[in-house]
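S.K.: I'll drop the sequence and a predicted model, then ask my questions.
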Amino acid sequence: MGLVVKKNLHLIRHPLVQHKLTMMRRKTTSVTEFRELVGEVAMLMAYEVTQDLPLTWTKIRTPMGAMKAPVLQGEKMVLVPILRAGMGLLDGMLRIFPSARVAHIGIYRDHKTLEPVEYYFKASKTLRGRDLILLDPMLATGNSAVAATDRLKSAKPRSIRFMCLVASPEGVRCYQKHHPDVPVFTAAIDQKLNSRGYIVPGLGDAGDRIFGTI
């Protein structure tokens, strides 16, 4: 089975996704390999994340004649990586949606309080009526994802989806408590958070491993 759905939580179990996630988890995986794997998994997950996007019909002409064919309905999609680690997922998503708009939201986690602090937000003039995909490799405490979703909801988009590689049970509970209407897509739900708010067994600090700042 490639997809397990429970209470708006979508666990993507496709063999290719799981295989590449295992490669990312390995401590010995280099920065170059890790970065490439993140992009590849983002591309694979994109198909599940967007499987219910609405379609409309348009008239086109093929080399053999005219027909009505399906196209995505509405304004261009907006991809929203949470800086900085979410940028690792962006390239893979843009390969699937090259015409998507990109908004950026900068949130860091205070290492003492584990609370989110927003320091940057940049988007097109309006997100109203658009489909948004919020990107972050890890759903740990859930606080940053909740804060980012609060920010995005205030712009009145048509829909929001949250995509991550690995989630903790605590993070899922936190996010669904605050945003039960937003579907969460992840490749794994790990055991727990440690005392520092990191996912165990996880894959380490995704931002450090993507950008080589270990």
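M.R.: Here it is on my side, so go on.
S.K.: count the residues that sit near residue 199.
M.R.: As a burial measure, residue 199 scores 26 neighbours (other Cβ atoms under 10 Å). For glycine as for every other residue, the C-beta is placed from the backbone atoms N, C-alpha and C.
S.K.: quick one: it and residue 140 touch, right?
M.R.: Yes. The pair residue 199 / residue 140 is scored as a contact, 5.4 Å apart, by Cβ atoms under 8 Å.
S.K.: list residues touching both of these two?
M.R.: Counting by Cβ atoms under 8 Å, 6 or more residues apart in numbering, the contacts common to residue 199 and residue 140 are 168, 171, 193.
S.K.: and the helices in the protein?
M.R.: For the chain, helices defined by DSSP state H occupy the ranges 15-25, 31-49, 87-96, 143-153, 169-178, 206-211.
S.K.: list the beta-bridge partners for the nearest residue to residue 66 once chain neighbours are set aside.
M.R.: Using Cβ to Cβ, 6 or more residues apart in numbering and skipping residues adjacent in sequence, the residue nearest residue 66 is residue 59, 6.5 Å away. Listed by DSSP bridges, the beta-bridge partners for residue 59 are residue 68.
S.K.: tell me how far the closest residue to residue 91 other than its chain neighbours lies from residue 132.
M.R.: Counting by Cβ to Cβ, 6+ apart, residue 39 is the residue found nearest to residue 91 once chain neighbours are left out, at 4.9 Å. Applying Cβ to Cβ, to the nearest Å, the value for residue 39 to residue 132 is 20 Å.
S.K.: more crowded one of these two?
M.R.: residue 132 (24 against 19).
S.K.: that one pairs with what?
M.R.: Beta-bridge partners recorded for residue 132 (DSSP bridges): residue 78, residue 160.
S.K.: hmm, residue 162 and it touching each other?
M.R.: No. With contacts counted by Cβ under 8 Å, residue 132 stays clear of residue 162, the gap being 9.4 Å.
S.K.: any regions of this structure where pLDDT drops low?
M.R.: Across the chain, the ranges flagged by pLDDT under 70 are 1-5, 114.
S.K.: could you redo the last one with a cut-off of 80?
M.R.: Counting by pLDDT under 80, the ranges of the chain that qualify are 1-7, 74, 109-115, 124-126, 214.
S.K.: now residue 8: phi and psi?
M.R.: With angles defined as degrees, to the nearest 10, residue 8 sits at phi 70, psi 20.
S.K.: measure the residue nearest to residue 66 to residue 68 for me?
M.R.: To residue 68, residue 59 is 6 Å away according to Cβ to Cβ.
S.K.: now swap in residue 189 and tell me
M.R.: Taking Cβ to Cβ, one finds residue 189 at 41 Å from residue 68.
S.K.: which outside residues touch stretch 178-189?
M.R.: The contact list for stretch 178-189, computed with Cβ under 8 Å, 6+ apart, reads 7-13, 17-18, 21, 41, 45, 48-49, 139, 142, 146, 149-150, 153, 160-169, 172, 175-176.
S.K.: try it again with 6 Å
M.R.: 8-10, 12, 17, 21, 49, 146, 149, 160-167 (Cβ atoms under 6 Å, 6 or more residues apart in numbering).
S.K.: surely residue 48 meets residue 14?
M.R.: No. Using Cβ atoms under 6 Å as the test, residue 48 is too far from residue 14 to be in contact (7.7 Å).
S.K.: higher neighbour count, these two?
M.R.: Set residue 48 next to residue 14 and count neighbours by other Cβ under 10 Å: residue 48 wins out with 20 against 17.
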